[in-house]
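**Q** Sequence first, then the predicted structure:
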Amino acid sequence: MTRRMLVALSLAGTALVIVAALLVLFAHDFQPFGPAEKLAQVGANAVWIFAGLVAWARRPGNRVGGLMTAVGVTNLLQQLYWNAALPFTLAQVLALASTPVAVHLFMAFPSGRLGGRIERWYVTSAYALVLVLSPINALFWD
């Protein structure tokens, strides 16, 4: 990873974290729980993003850093909504997106690559299930 790309990804990650934190503070007031829990989630996702970027910069050939960053970003995407139907629905559809990325990360750790056919099948199944089940879940969200 080039230095320019690392800076660009860091700035994009910072912007995403700031937007998510602002939305949690000012646009999630219709939720039954307070902003403290949501801000803690945003902070934890920021740690995933920036730890992944550091790992990616230190070992660009290893995919673990990229997967760590993807876990943080996909988990943070579910915070990007406000009290409107379309953004809330999209956030609910994306709510499960981090699960297959996390499965991929943990199955590929520490080399960054999946070992065998069973691991590849398991990770592919996780991505496929979320791709199919997330929109179905959104149809029945109350």
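**A** Cool, got the structure. These numbers come from a predicted model, not from an experiment.
**Q** hey, let's count contacts and neighbours off CA atoms from now on
**A** OK.
**Q** can you pull out the helices in this protein?
**A** Assigned by DSSP state H, the helices in the chain fall at 3-26, 35-58, 64-77, 85-94, 98-108, 117-139.
**Q** quick one: the one helix or strand in the chain whose mean pLDDT sits lowest to chain centroid distance?
**A** Across the helices and strands of the chain, mean pLDDT, DSSP states H and E gives its lowest value to helix 85-94, namely a mean of 82. How far helix 85-94 lies from its chain's middle: 15 Å, per CA atoms, centre = their mean, to the nearest Å.
**Q** ok, now stretch 133-142?
**A** So, by CA atoms, centre = their mean, the centroid of stretch 133-142 is 19 Å from its chain's centroid.
**Q** so where's the protein uncertain?
**A** The chain contains residues with pLDDT under 70 at 31-33, 142.
**Q** residue closest to the middle of it?
**A** The centroid of the chain falls nearest to residue 74 when counting by CA atoms, centre = their mean (1.8 Å).
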